[in-house]
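Asker: Quick one: sequence and predicted model below, then my questions.
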Amino acid sequence: MPDATAIAITRRQGLLALALLGPVGVLAACSSSPDPSPAGSSASASLAPADASAQHETELIALYDAVLDAYPDLEPETITVLTTLRDQHGQHRDALGGSPDATAKATAPENATAALAALVSAEHVASRERIRACIDSPDAETARLLALIGAAEAAHVPALRDLRT
């Protein structure tokens, strides 16, 4: 007979995943037309879902790096949050099988306020793309991974909105 504690943890984790994926599903369902990829996105539709998502994660990392480099005088809390989110995208890329040596080019918007707005927009697009990639995923494990990454990216949006420049 399984340990009751292990079952409770599994149920909690399942409920947490459902709670995180619910808003992502609503966001994706409420879209009347597909969102374009962020400017400069080179993730190709011809790539496998995990490969395209890993490339997009590399592009998100480049955008975060561009913002952090362009605005080093942001509040320390803002820099900490941006660095943490950037590092999470590195973990997403690695989990998807992307190369840590992969690079992408990005430019920071003209001011810090516009930069944060661009990051919010990029996170919206990324979360929707990950959820859509679930449908095209060749296997359940990859679909599950893409769904969890999409939920994490959706959670980045309110974290970014709470920041002040």
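Answerer: That came through, no problem.
Asker: any low-confidence regions in this protein?
Answerer: Residues of the chain meeting the criterion pLDDT under 70: 1-47, 164-165.
Asker: make it 50
Answerer: Along the chain, the model assigns pLDDT under 50 to residues 1, 4-9, 14-15, 17-18, 24, 26-45.
Asker: which residues in it form strands?
Answerer: Remark: no strands are assigned in the chain by DSSP state E.
Asker: neighbours around residue 113, how many?
Answerer: Residue 113 has 11 neighbouring residues, counting by other Cβ atoms under 10 Å. Where you see a C-beta, it was placed from the backbone N, CA and C, and this is true even at glycine.
Asker: now swap in residue 160 and tell me
Answerer: By other Cβ under 10 Å, 19 other residues sit near residue 160.
Asker: wouldn't it be in contact with residue 119 here?
Answerer: Yes. Applying Cβ atoms under 8 Å, one finds residue 160 in contact with residue 119, separated by 5.3 Å.
Asker: overlap in contacts of those two?
Answerer: Shared contacts of residue 160 and residue 119 (Cβ atoms under 8 Å, 6 or more residues apart in numbering): residue 85.
Asker: List the buried residues for stretch 59-79?
Answerer: Within stretch 59-79, the residues scored as buried using 16 or more other Cβ atoms under 10 Å are 59-68, 71, 74, 78-79.
Asker: end to end, how far does it reach?
Answerer: Length of stretch 59-79, first residue to last, Cα to Cα, to the nearest Å: 19 Å.
Asker: what about that stretch, distance to the chain center?
Answerer: In terms of Cα atoms, centre = their mean, to the nearest Å, the centre of stretch 59-79 is set 16 Å apart from its chain centre.
Asker: Fine by me, thanks again.
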